[in-house]
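Asks: output the structure for:
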Amino acid sequence: MKKLFSLLSIIAILAVSNCSEIPENNDPILGIWAKTEISTSTDKGSSTTREEWIFNDVYLGRYQSYSDSKLLFYTDFKWSEDNGIYTIIYGDPQVQDITVSMQKAEQPEILTLENGSVFATRE
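Replies: Okay, the predicted model is just below:
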C-alpha cells in the first residue's frame, strides 16, 4: 500500500509541475538601448563615449560604459514598469538610479527623462 501511495504521489507531483507555466514578458523596453556622445578636443582629436543598457525579460539588465571601444565600467540593474514609467535601479552605488519613459511614436524609439531630454535610443 505504501508503494502505491508513493507512486501516486510522484505522478501527482510530476503532473502539477509540468502544468505550471512561466509567464512571458514581452514588454516593449526589452532589448538594447544606447547613447553615444562624440567630444572633440584640440589635443587628441575626438573621442567617443558610449553607454548601453541591456534590458532582459526577468526585470534585470546590464549597464556598460565605453570610451573609444574600451569598456570602462559595467554593472547590473533591476528595472520595473508602472503606467509607462520605467525605474532603473543600479546594483552599484557609483551610478544614480533613474526614471525614464518610452516614446514609441518616434523612429527610432527613444527613452526620455522626466524633463523630456533624450536618455537613450533603441538599437
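
Asks: name the helices or strands packed onto the helix or strand containing S6?
Replies: Counting by DSSP states H and E, the element that carries S6 is helix 2-19. Taking 3 or more Cβ pairs under 8 Å, 6 or more residues apart in numbering; DSSP states H and E as contact, there are no helices or strands that helix 2-19 lies on. For glycine as for every other residue, the C-beta is placed from the backbone atoms N, C-alpha and C.

Asks: pLDDT (mean, whole number) over that helix?
Replies: Averaging pLDDT along helix 2-19 gives 74.

Asks: same question for stretch 84-97.
Replies: Rounded mean pLDDT across stretch 84-97 is 94.

Asks: likewise for stretch 31-50?
Replies: Here the average pLDDT along stretch 31-50 is 84.

Asks: which residues does it contact?
Replies: Applying Cβ atoms under 8 Å, 6 or more residues apart in numbering, the external contacts of stretch 31-50 come out as 51-55, 65-69, 111, 118-123.

Asks: secondary structure element for the residue lying closest to A120 once chain neighbours are set aside?
Replies: In space, and not counting its chain neighbours, A120 is closest to W33: 3.9 Å by Cβ to Cβ, 6 or more residues apart in numbering. Using DSSP H and E, W33 sits within strand 31-41.

Asks: that strand pairs with which strands, parallel or anti?
Replies: Strand 31-41 has its sheet partners listed here by DSSP bridges as strand 45-55 (antiparallel), strand 118-122 (antiparallel).

Asks: which of these is buried the deepest?
Replies: Burial of these is given as mean neighbour count (mean count of other Cβ atoms under 10 Å); strand 118-122 ranks first at a mean of 17.
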